[in-house]
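>>> Pasting the sequence and the predicted coordinates here, then a few questions.
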Amino acid sequence: MPTKDVYSLCKESSEVDFCMKNIGSDKRVVAARDFYDIFLIAVSRTQIIVDTGLLVISGEDTRKNYYNEPFEKNWVAVCEEKYEIAVNSFQKARVVGEKMNKSLTDRMEMSQLTEAGFEAVLDCQDEWTKILEHEQACPFSYWYHKVRKLIKITRVIVKRLNA
């Protein structure tokens with residue numbers, strides 16, 4: 001796919017630098033035939049971030065060493081559940097995209113699955129602010145912000161697929 005098309009996509013997403021770094025610099029872009037291939041690249045990048053987030057959330061260090069209070073343990077459990085949902089949603093979106101069917105039904109399913117994955121990550125983020133007397137920043141914000149930027153890019157890709 002021509003670099004100018006990828007740059008145009010990145011510009012439309014309002015995350016130009018992040019998009020060019022994470023999508024535009026991906027070696028697979030050169031071989032991409034169309035925005036279906038770019039969708040697969042974006043979803044695979046999101047999948048890596050969500051997988052890494054889940055590994056940290058479900059890791060022994062997170063569970064035993066950092067969050068010992070009952071409400072913190074609950075937050076971690078909710079985030080682990082939500083990230084598992086996100087992992088499954090992004091995996092399913094990638095599988096649908098790999099079919100390269102290009103039907104309206106598949107495009108809608110790809111969009112719904114990526115949105116469901118993002119919503120699950122957002123639910124984790126929101127869980128940390130529910131109890132106001134224990135308000136603190138979500139320790140998993142790093143992954144949330146990356147997923148949020150990638151979902152903006154993915155939305156533009158899906159919009160272009162539907163054009």
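That came through, no problem.
>>> how many other residues sit next to the closest residue to Gly53 other than its chain neighbours?
Distance criterion Cβ to Cβ, 6 or more residues apart in numbering; nearest residue to Gly53, sequence neighbours excluded, is Trp143 at 3.5 Å. Where you see a C-beta, it was placed from the backbone N, CA and C, and this is true even at glycine. By other Cβ atoms under 10 Å, 25 other residues sit near Trp143.
>>> Can you name the residues in contact with the host helix or strand of Trp143?
Assessed by DSSP states H and E, Trp143 sits inside helix 141-162. Residues external to helix 141-162 that are found in contact with it (Cβ atoms under 8 Å, 6 or more residues apart in numbering): 9-10, 12-15, 18-19, 22-23, 35-36, 38-39, 42-43, 45-46, 49-50, 52-53, 56, 86, 102, 104, 107, 110-111, 114-115, 117-118, 121-122, 124-125, 138.
>>> how about low-confidence regions in the protein?
Counting by pLDDT under 70, the low-confidence segments of the chain come to 62-65, 131-136.
>>> Do a quick rundown of the helices in it.
In the chain, the helices defined using DSSP state H lie at 3-13, 16-19, 35-57, 60, 70-98, 104-127, 141-162.
>>> Using CSV, write out every CA atom in stretch 153-163.
Presented in CSV, the C-alpha positions along stretch 153-163 are these (Å, rounded to 0.1, in the frame of the first residue of the first chain):
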residue,chain,number,x,y,z
ILE,A,153,-7.2,4.2,13.8
THR,A,154,-9.3,1.0,13.4
ARG,A,155,-12.5,3.1,13.2
VAL,A,156,-11.1,5.1,10.3
ILE,A,157,-10.0,1.8,8.5
VAL,A,158,-13.5,0.3,9.0
LYS,A,159,-15.0,3.6,7.7
ARG,A,160,-12.9,3.4,4.6
LEU,A,161,-13.8,-0.3,4.1
ASN,A,162,-17.5,0.7,4.2
ALA,A,163,-17.0,3.6,1.8
